[in-house]
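**Student:** Prediction below, plus the sequence it came from.
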Amino acid sequence: MAIHKILVTGANGQLGWELAQAAHLFPHFEFVFVDRNAMDLSKPSEFNGIIELFNPDAIINTAAYTSVDKAETETQLANTINANAVKELAIIAKQKNIPFITYSTDYVFNGNATSPYLTDTPLEPVNFYGKTKASGEQMAVEANEKTIIIRTSWVFSSHGNNFVKTMMRLMKERDALNIVGDQKGRPTYAKDLALASIKILTLLNEGKSIAGIYHYANTGETTWFDFASKIKSLAGLECNLTAITSDQFPTPAKRPRYSVLDTSKIEKEANITIPNWETALAQCIAEIKNA
């Protein structure tokens, strides 16, 4: 079945927004973007009627509950959006026999590794947000074996709330900042992830068999402190940065110390070349400044 119309949830999120910015580059696809008002992921019982209305050839779910610390107390809401809603979308996609792409996180792992996490590494989330995302993955794949899950990490964009924009704001407001320096991962530019997602749709359209779990993050690994230092340098900001330990910056939800994702599977199977995170960051900061 040819893919023409693609329904994208989470229109106002970083990834949904970047997909909308990239849509004009792919005129053979018709993207339909829905935000929380049009399709509320906390109400999975309403999905069927809404999706029937749009009658898409593929569904991309970029919506998620992403407040990692709040998830520790807003457990029911986080679980509904990140697990139950994803399962329901997977079921509907299977019934309609259309592709379904959804996104997960590095937080499904325990953070104790010393080498990059493979797509089949056993899941052991250390916080409730990670647990909801792990549940969503498992429920979606059980409901629909053709589900495509793309795990990603440390997402940033010129749109929405993220580490890059927060750091740029705080560095302008303050003389000094303490940044955690003992957590390591791979930053992901939502624009690059959006283009990779459309590449997967294109391959599906050409009849390539793609299903299961993939990892996508920009190449190169870093710490939050080094990430912040690079933001400072590229943005030309003056602010004293000090590296601190996770123990010196307690949060309601525990963070994995190491969450570097191995992206070789998506690079090989989807023939995707992934840009370095520093190159991507420079592009993003230029966009923020131009805006």
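**Tutor:** Nice, I can see it. Since we're looking at a predicted model, the values are computed, not measured.
**Student:** Pull out the buried residues from stretch 215-228.
**Tutor:** Buried residues in stretch 215-228, counted by 16 or more other C-beta atoms under 10 Å: 215-219, 221-225, 227-228. No exception for glycine: its C-beta is placed from N, CA and C like everyone else's.
**Student:** Can you check the distance spanned by that stretch, start to finish?
**Tutor:** With C-alpha to C-alpha, to the nearest Å as the measure, stretch 215-228 spans 23 Å from end to end.
**Student:** shift numbering so it begins at 25
**Tutor:** Taking 25 as the first residue, the last one we looked at is stretch 239-252.
**Student:** tell me the mean pLDDT for that stretch?
**Tutor:** For stretch 239-252, mean pLDDT rounds to 98.
**Student:** Phi and psi next, for residue 128.
**Tutor:** phi -130, psi -160 (degrees, to the nearest 10).
**Student:** Next up, the contacts around it.
**Tutor:** 157-158, 160-161, 173-176, 237 (C-beta atoms under 8 Å, 6 or more residues apart in numbering).
**Student:** Show me the residues you listed that map onto strands.
**Tutor:** Judged by DSSP state E, those include 173-176, 237 as members of strands.
**Student:** can you tell me which of those lies nearest to residue 305?
**Tutor:** Closest approach to residue 305 among these (C-beta to C-beta): residue 176, at 15.4 Å.
**Student:** If the closest residue to the closest one other than its chain neighbours is in a bridge, with which residues?
**Tutor:** Among residues not flanking residue 176 along the chain, residue 212 sits closest, at 4.8 Å (C-beta to C-beta, 6 or more residues apart in numbering). The partner list for residue 212 in beta bridges (DSSP bridges) reads residue 179.
**Student:** Would you mind stating the distance between residue 252 and residue 264?
**Tutor:** Computed as C-beta to C-beta, to the nearest Å, the residue 252 to residue 264 distance reads 11 Å.
**Student:** Which residues are in contact with each of these two?
**Tutor:** Joint contacts of residue 252 and residue 264 (C-beta under 8 Å, 6+ apart) are residue 201.
**Student:** Look at residue 108 and tell me its secondary structure.
**Tutor:** helix (DSSP: H, G, I helix; E, B strand; the rest coil).
**Student:** Now do the same contact list for the spatially closest residue to it that is not a sequence neighbour.
**Tutor:** Nearest non-adjacent residue to residue 108, counting by C-beta to C-beta, 6+ apart: residue 68, 5.4 Å away. The contact partners of residue 68, taken as C-beta under 8 Å, 6+ apart, are 104, 108-109, 111-112.
**Student:** What does residue 68 show for phi and psi?
**Tutor:** phi -60, psi -30.
**Student:** Local confidence estimate at it?
**Tutor:** 97.
**Student:** likewise residue 315?
**Tutor:** Reported pLDDT for residue 315: 87.
**Student:** ok, now which ones touch it?
**Tutor:** Counting by C-beta under 8 Å, 6+ apart, residue 315 makes contact with residue 182.
**Student:** go again using 10 Å as the cut-off
**Tutor:** 182-183 (C-beta atoms under 10 Å, 6 or more residues apart in numbering).
**Student:** Could you measure from it over to residue 26?
**Tutor:** 36 Å.
**Student:** what's the neighbour count on the closest residue to residue 106 other than its chain neighbours?
**Tutor:** Closest residue in space to residue 106, ignoring its immediate chain neighbours: residue 156 at 3.7 Å, by C-beta to C-beta, 6+ apart. The tally of other residues near residue 156 (other C-beta atoms under 10 Å) stands at 28.
**Student:** do residue 253 as well
**Tutor:** Close neighbours of residue 253, defined as other C-beta under 10 Å, add up to 17.
**Student:** Please identify which helix or strand holds residue 254.
**Tutor:** For residue 254, the element it lies in under DSSP states H and E is helix 248-259.
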